[in-house]
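What follows is a predicted protein model with its sequence.
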Amino acid sequence: MRALIVALLLASPLHAQTKIFRDDFAGTSGPVNAAVWQGEGHAQGSGQFTGAGEKNGNGKAVLAVTNPHPDDAETFAQQVMRTKRTFLPQPGETLIFRTRLAMPHDQSGLVHSIFLYSSFMDGSTLRSNEIDFEWMTNQTAGSTKDKVLLTTWVDWNNNADTYNVVGSPLYGTHAALNPPNRGDAGEFAVYEIEWSLKRVAWYKVSPKGKRQLLGERKGRAYAPQRPMHLYFNTWVPGPGWVEAFDPSLVPSVGQAPVRWRMVVDWVEVLRRKDKQG
Ligand SMILES: [Ca+2]
Ligand SMILES: [Ca+2]
């Protein structure tokens, strides 16, 4: 299948990188490859997830918030897609999640994300792991000084909702950084997450090809140790997320639907041997 190219690259042993996943979203317009991706259908924030992303016939996947929801004018339609497979770095290696995307609109009150996520039951406690790139359009729409939110969650206790904790046996870890995005999030750019069992880091590749470190967390307390799915989503947060919420963004009942898009050109995952295991 052209849409999914899985290549094994044999290079020199030092810093050898192996490509273990790639999707170019090539081919005719329609659903993304259902053998690779799946959507979700549930409420989140002020909207309703309705289906996965769609290929636009021009080599890109598009995820959008639609206002109002075509089937329910009282809410927003929003989209999420996640890989069916999971990823987990082995000891002594780093996984690199690399994608080229843009959020070409100026609507505040939305969130666009690339993230890794999974949850599990710890007795009666729901715990989750997550590594996020999140663009709150309150920090990017109409701005030339865009910011990005970089968060890790490690065995985080969903029953207790406690934030800004590190390595707590009870609460787990939630740790966020909110640095400059180093450029307009509306322009296409390559973003990377590096994940090993000891470190998480976020990069942006400049238009000239230079890797720029946006944020870094060192130590196992910041690094998920469990397999996670790779996700893209776009959605409308509710008032509980003060920084991301825009009270003026409400479903436009009776209006022609408007779509705000996140456009993904490609995504790939590489495995790299670290210098020390
Ligand atoms: Ca901007
Ligand atoms: Ca493409």
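Thanks, I have it. Ligands and ions are numbered 1, 2, ... in the order given.

Which phi and psi values does the residue in the stretch 151-277 of the chain that ligand 1 sits nearest to adopt?
Of all residues in the stretch 151-277 of the chain, residue 184 sits closest to ligand 1, at 4.2 Å by CB to the ion. Glycine gets a C-beta too; all of them are placed from N, C-alpha and C. Backbone torsions of residue 184, given as degrees, to the nearest 10, read phi -70, psi 120.

That one and residue 148, how far apart?
11 Å (CB to CB, to the nearest Å).

more crowded one of these two?
It is residue 148, of residue 184 and residue 148, that has more neighbours when counted by other CB atoms under 10 Å, with 24 against 16.

The more buried one reaches residue 183, doesn't it?
No - using CB atoms under 8 Å, residue 148 is not in contact with residue 183; the gap is 10.1 Å.

Next secondary structure after the host helix or strand of residue 82?
Residue 82 is located in strand 76-83, with elements delineated by DSSP states H and E. Going down the chain from strand 76-83, the next helix or strand is strand 93-102, by DSSP H and E.

That following strand: partners in the sheet, and parallel or antiparallel?
Counting by DSSP bridges, the strands paired with strand 93-102 are strand 189-196 (antiparallel), strand 258-273 (antiparallel).

nearest to ligand 2, of these?
Short answer: strand 258-273, nearest of those by CB to the ion, at 4.3 Å.

close to ligand 2, is the closest one?
Yes - legend: contact between strand 258-273 and ligand 2 by CB under 5 Å from the ion is shown at 265, 266.

pull the CA atoms of that strand into PDB?
Presented in PDB, the C-alpha positions along strand 258-273 are these (Å, rounded to 0.1, in the frame of the first residue of the first chain):
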ATOM      1  CA  VAL A 258     -17.400  26.300   9.300                       C
ATOM      2  CA  ARG A 259     -14.300  24.100   9.500                       C
ATOM      3  CA  TRP A 260     -11.000  24.900  11.200                       C
ATOM      4  CA  ARG A 261      -8.300  22.500  10.100                       C
ATOM      5  CA  MET A 262      -5.100  20.800  11.200                       C
ATOM      6  CA  VAL A 263      -3.300  19.600   8.100                       C
ATOM      7  CA  VAL A 264      -0.800  16.700   8.400                       C
ATOM      8  CA  ASP A 265       1.600  16.100   5.500                       C
ATOM      9  CA  TRP A 266       3.300  12.900   6.900                       C
ATOM     10  CA  VAL A 267       4.300  11.200  10.100                       C
ATOM     11  CA  GLU A 268       7.100   8.700  10.700                       C
ATOM     12  CA  VAL A 269       8.600   6.900  13.700                       C
ATOM     13  CA  LEU A 270      12.300   6.100  13.900                       C
ATOM     14  CA  ARG A 271      14.200   3.900  16.400                       C
ATOM     15  CA  ARG A 272      17.700   5.100  17.400                       C
ATOM     16  CA  LYS A 273      20.300   3.200  19.500                       C
END
